[in-house]
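# Need coordinates for the following:
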Amino acid sequence: MSAKLSRQDIARVAADDIPDGACVNLGIGLPTLIADYVPEGRELMLQSEQGLLGLGPAPAPGEEDYDVINAGKFPVTLLPGASVFSHSESFLMIRGGHIQIACLGAFQVAANGDLANWTVDAPNQIPGVGGAMDLAAGAEKVWVLMEHCTKDGQPRILEQCTYPLTAPHCVDRIYTDLAVIDVTDTGLVVRRLAPGWTLPALQALTGAALTLAPDWSVYGQSATQGE
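All right, here's what the predicted structure looks like:
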């Protein structure tokens with residue numbers, strides 16, 4: 001039986017893939033959940049664009065401090081040794097190439113790694129790009145976390161984006177509720193598939209050609225389970 005991963009499981013798998021010691025920006029939306037799933041013993045420097053370095057998981061109920069929030073304006077904790085600094089200093093860090101991985105949400109990703117995540121170009125919408133353009137250009141790698149399809153079943157992974165771009169050729173990896181997909185020079189390569197899914201079934205929900213990696217594995221298993 002085919003299954004889809006929850007938003008929490010997408011964040012958990014992405015957190016498990018981040019190498020020890022990495023400096024990682026967590027963008028608005030699904031990526032902010034990564035802070036709740038850092039594996040025990042893994043030391044990561046999680047950054048939030050408004051000026052935090054050293055994010056921890058969400059606080060326990062009743063212990064929220066709304067002076068300490070992530071990019072999505074939800075309360076977080078700070079780990080020992082965390083730093084709080086200005087917005088301008090945060091963007092000096094981002095533009096200076098000090099972020100190893102930017103984890104971002106997206107509306108669309110193209111087969112060549114183009115990213116569209118700041119507007120759906122709809123009437124009466126007030127778009128705001130925030131720091132996404134800087135992160136897409138300044139980070140060493142960009143990982144996108146998003147649902148595979150829109151609420152009405154349209155693919156978010158396309159041959160070409162139809163929404164205005166945030167940045168071209170910047171996405172390295174895509175985590176969805178159905179698969180983990182690498183953006184390579186030769187096209188989109190599926191590294192993991194959610195339980196019960198096949199490449200033809202995934203391809204039917206994807207607007208760009210996919211190739212299955214020879215060493216693909218089941219999506220949702222942790223690295224310690226042989227992923």
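# what are the phi and psi angles of the residue lying closest to S86 once chain neighbours are set aside?
Excluding the flanking residues, the one nearest S86 by Cβ to Cβ, 6 or more residues apart in numbering is G51, at 5.6 Å. The way it works is simple: take the backbone N, C-alpha and C, and place the C-beta from them, glycine included. Main-chain dihedrals, G51, degrees, to the nearest 10: phi 120, psi 40.
# same question, I101
Backbone torsions for I101, taken as degrees, to the nearest 10, come to phi -140, psi 130.
# beta partners of it?
V24, K141 (DSSP bridges).
# Make sure it is actually in contact with L26.
No. Counting by Cβ atoms under 8 Å, I101 sits too far from L26 to count as a contact (9.6 Å).
# Number of residues surrounding L92?
Neighbours of L92 under the rule other Cβ atoms under 10 Å: 13.
# Now do the longest strand belonging to the chain: which elements does it pack against?
For the chain, the longest strand by residue count, based on DSSP state E, is strand 210-218. Counting contacts by 3 or more Cβ pairs under 8 Å, 6 or more residues apart in numbering; DSSP states H and E, strand 210-218 packs against strand 187-193, helix 199-203.
# change it to 6 Å
Judged by 3 or more Cβ pairs under 6 Å, 6 or more residues apart in numbering; DSSP states H and E, the packing partners of strand 210-218 are strand 187-193.
# ok, and what's touching the strand it packs on?
With contact meaning Cβ atoms under 6 Å, 6 or more residues apart in numbering, strand 187-193 is reached by 111, 179-182, 208-213, 217, 219.
# That strand vs strand 210-218, what angle?
20 degrees (axes from the mean of the first three to the mean of the last three Cα atoms, to 10 degrees).
# Dump strand 187-193 to PDB, restricted to CA.
Extracted C-alpha coordinates of strand 187-193, given in PDB (Å, rounded to 0.1, in the frame of the first residue of the first chain):
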ATOM      1  CA  GLY A 187      18.600  15.400 -14.700                       C
ATOM      2  CA  LEU A 188      16.500  14.600 -11.600                       C
ATOM      3  CA  VAL A 189      17.600  11.400  -9.800                       C
ATOM      4  CA  VAL A 190      15.300   9.700  -7.300                       C
ATOM      5  CA  ARG A 191      17.300   8.600  -4.300                       C
ATOM      6  CA  ARG A 192      14.500   7.400  -2.100                       C
ATOM      7  CA  LEU A 193      10.900   6.500  -2.600                       C
END
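# For P75, see how far away the residue lying farthest from the centre of the chain is.
The C-alpha centroid of the chain is most remote from G62, which lies 28.1 Å away (Cα atoms, centre = their mean). Using Cβ to Cβ, to the nearest Å, G62 is found at 11 Å from P75.
# count of neighbours near the residue nearest to S86?
By the criterion of other Cβ under 10 Å, G51 has 16 neighbours.
# Check the gap between it and L78 for me.
For G51, the distance to L78 - Cβ to Cβ - is 12 Å.
# Then L26?
Separation of L26 from L78 (Cβ to Cβ): 14 Å.
# Which of the two has more residues huddled nearby?
The neighbour comparison of L26 against L78 (other Cβ under 10 Å) goes to L26, with 29 against 15.
# so what's the residue farthest from the centre of the chain up against?
Counting by Cβ under 6 Å, 6+ apart, G62 touches no other residue.
# where does it land in three-state SS?
Look at G62: counting by DSSP: H, G, I helix; E, B strand; the rest coil, its state is coil.
# separation between it and K73?
Here G62 is placed at a distance of 19 Å from K73 (Cβ to Cβ).
# One more: M93?
M93 is 20 Å from K73, by Cβ to Cβ.
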